[in-house]
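Peer 1: sequence first, predicted coordinates after that:
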Amino acid sequence: MMTDKEYTPPKVWTWDPEGNGIWSKINRPIAGPTHDATLPVGKHPLQLYSMGTPNGQKVTILLEELLALGISDAEYDAHLIRIGEGEQFSSGFVDVNPNSKIPALLDRSTSPAIRVFESGAILLYLAEKFGHFLPKDLAGRTEVVNWLFWLQGAAPYLGGGFGHFYHYAPVKLEYAIDRFTMEAKRHLDLLNRQLANHRYIAGDEYSIADIAIWPWYGNLAKGQQYGAGEFLDVLSYPHLQRWTQEIDQRPAVQRGRIVNRTWGEPSEQLHERHDAADFELRTQDKLGS
């Protein structure tokens, strides 16, 4: 087994602020704000503060799907929170999400405004508020919520576990990569088996379960997550591939996945979204930067 060196944990752990390298401004062992800053507020009732990570994509995809149904009250402003620069630790952001994680939503259509944090909670809130992508019957609703909660528990194993040790960690540890690869492969097999008998994750209807899971496992199945497509043999999951491609072709998904995105092709980066026309006029290739 390959390791960098033998590590003996100290009796009491102490934090080295520089010890996380590129993660030094994202991870820290304390909560609360580090600086005072007021969040921007746009013209729409729904104010989203986010970044185009898989968790951020969940919310913008759902909002774009709602708008595609003609629900004008789902119009929103998506403000970019640069988590690599620590903007999620501002006093304004902490007021909306005390956990200092994106995405965070402020619904100003009510008085007082309602804050919603945790991506799964935001999906449930919006689905219930607007009455779409969540079945009304108890059995159907429960199955969707089953898979929504599954994703909320599974994604940290994929991102913080497999993705971190396979792609981001400065030292490649065989034990850690094997541990989380096994779990990621189990997830892929689980989804493939579920989709062998269902068009969508929770049944025959497209729902917030699909919207939650696709940014994580759909992007993984496309080979676009962590550069790990070949390593995980993603093409060996045919039912997951079929579902991934079907969701990928939805226009609302194509729009929502690029909102608050700051990497990749300039045409697939819309740093902030304040109007539907921004997709045509304000992607980075149009802005020339």
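Peer 2: That came in fine, so what should we check first?
Peer 1: what's the closest non-adjacent residue to Phe279?
Peer 2: Arg255 (5.6 Å; C-beta to C-beta, 6 or more residues apart in numbering). Heads up, the C-betas are built off the backbone N, CA and C, glycines and all.
Peer 1: you'd agree the one you found is up against Ala277?
Peer 2: No. Counting by C-beta atoms under 8 Å, Arg255 does not reach Ala277; the two are 11.7 Å apart.
Peer 1: between these two, point out the one with more neighbours.
Peer 2: Arg255 (21 against 9; other C-beta atoms under 10 Å).
Peer 1: which residues in the stretch 101-250 of the chain form helices?
Peer 2: Listed in chain order, the helices of the stretch 101-250 of the chain (DSSP state H, counting those that start in this stretch) span 119-130, 138-156, 174-196, 208-213, 219-221, 229-232, 238-248.
Peer 1: now do the contacts for Ser50.
Peer 2: 56, 59-60, 78-81, 102-104, 259-260 (C-beta atoms under 8 Å, 6 or more residues apart in numbering).
Peer 1: torsion angles phi and psi at it?
Peer 2: Main-chain dihedrals, Ser50, degrees, to the nearest 10: phi -160, psi -180.
Peer 1: that one pairs with what?
Peer 2: In this entry, Ser50 is beta-bridged to Leu80, by DSSP bridges.
Peer 1: next one: it relative to Leu39, how far apart?
Peer 2: 12 Å (C-beta to C-beta, to the nearest Å).
Peer 1: next: Asn27.
Peer 2: Relative to Leu39, and taking C-beta to C-beta, Asn27 is found at 22 Å.
Peer 1: neighbour count: the two, which is higher?
Peer 2: More crowded of Asn27 and Leu39, by other C-beta under 10 Å: Leu39, with 17 against 10.
Peer 1: quick one: contacts for that one?
Peer 2: Neighbour list for Leu39: 47, 49, 79, 90, 92-93, 95-96, 106 [criterion: C-beta under 8 Å, 6+ apart].
Peer 1: redo these as JSON lines? Include neighbour count and distance to Ala176.
Peer 2: What follows is the contacts of Leu39, written out as JSON lines (neighbours: other C-beta atoms under 10 Å; distance: C-beta to C-beta, whole Å):
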{"residue": "Gln47", "neighbour count": "22", "distance to Ala176": "38"}
{"residue": "Tyr49", "neighbour count": "26", "distance to Ala176": "32"}
{"residue": "His79", "neighbour count": "23", "distance to Ala176": "35"}
{"residue": "Ser90", "neighbour count": "20", "distance to Ala176": "33"}
{"residue": "Gly92", "neighbour count": "16", "distance to Ala176": "36"}
{"residue": "Phe93", "neighbour count": "25", "distance to Ala176": "31"}
{"residue": "Asp95", "neighbour count": "14", "distance to Ala176": "36"}
{"residue": "Val96", "neighbour count": "21", "distance to Ala176": "33"}
{"residue": "Leu106", "neighbour count": "21", "distance to Ala176": "37"}
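Peer 1: straight-line length of stretch 83-99, end to end?
Peer 2: Between the opening and closing residues of stretch 83-99 there is a gap of 13 Å (C-alpha to C-alpha, to the nearest Å).
Peer 1: point out where the chain drops to low pLDDT.
Peer 2: 1-5, 19-25, 289 (pLDDT under 70).
Peer 1: fine by me, we can end here.
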